[in-house]
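Student: could you work out the structure for the sequence below:
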Amino acid sequence: MIKDIRHTGIVVEDLEASIRFYRGLLGFVTVRQMEESGDYLDNILAMNGIEVTTVKMTAPDGQMIELLKFHSHPREKKQCEVHDIGITHIAFTVDNLDDVYHNLMAEGIKFNSRPQQSPDGYAKVAFCLAPEGTYIELVEVL
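Tutor: All right, here's what the predicted structure looks like:
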């Protein structure tokens, strides 16, 4: 039934900070930015009067994320916990986690811990927080 995962939607409060993080620091490429509104969006999202900026970005392997800044329905930013029910993080594979860790730390990105090697020795892993509070798992396969 499912052919592939099309994209992951991430609602953001500060669109520019999120673009800077995903594009400037992680290397995503912006493929489309749009101002969206109208009946189509209202119907599929079961809301009224939506006004939203969407930014579709791709990773080097073609996987896509979509940043959404809702202008018409602002919400209070809540920090999810990594153990909450539902989607709590996105995992990205990197080549050299130690370098990525140091580069992101220098940019003020907060991490839960320094990179850790998995008990089976398969990978090195670290969790950080994107500007909107999404947990990002960075994985280097060893």
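
Student: pretty sure Met57 sits against Tyr22.
Tutor: Yes: taking Cβ atoms under 8 Å as the definition, Met57 is a contact partner of Tyr22 at 5.6 Å. (Glycine included, C-beta is placed from N, CA and C.)

Student: what do those two both touch?
Tutor: The contact sets of Met57 and Tyr22 overlap at Phe28, Ile65, Leu67 (Cβ atoms under 8 Å, 6 or more residues apart in numbering).

Student: can you tell me which of these are buried?
Tutor: Phe28, Ile65, Leu67 (16 or more other Cβ atoms under 10 Å).

Student: can I get these in JSON lines with pLDDT?
Tutor: Below are the buried ones among the shared contacts of Met57 and Tyr22 laid out as JSON lines (pLDDT from 0 to 100):
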{"residue": "Phe28", "pLDDT": "97"}
{"residue": "Ile65", "pLDDT": "97"}
{"residue": "Leu67", "pLDDT": "97"}
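
Student: which of the shared contacts of Met57 and Tyr22 lies closest to Lys124?
Tutor: Nearest to Lys124 among the shared contacts of Met57 and Tyr22: Phe28, at 21.4 Å, using Cβ to Cβ.

Student: look up phi and psi at that closest one.
Tutor: Dihedral angles of Phe28 (phi, psi; degrees, to the nearest 10) stand at phi -70, psi 160.
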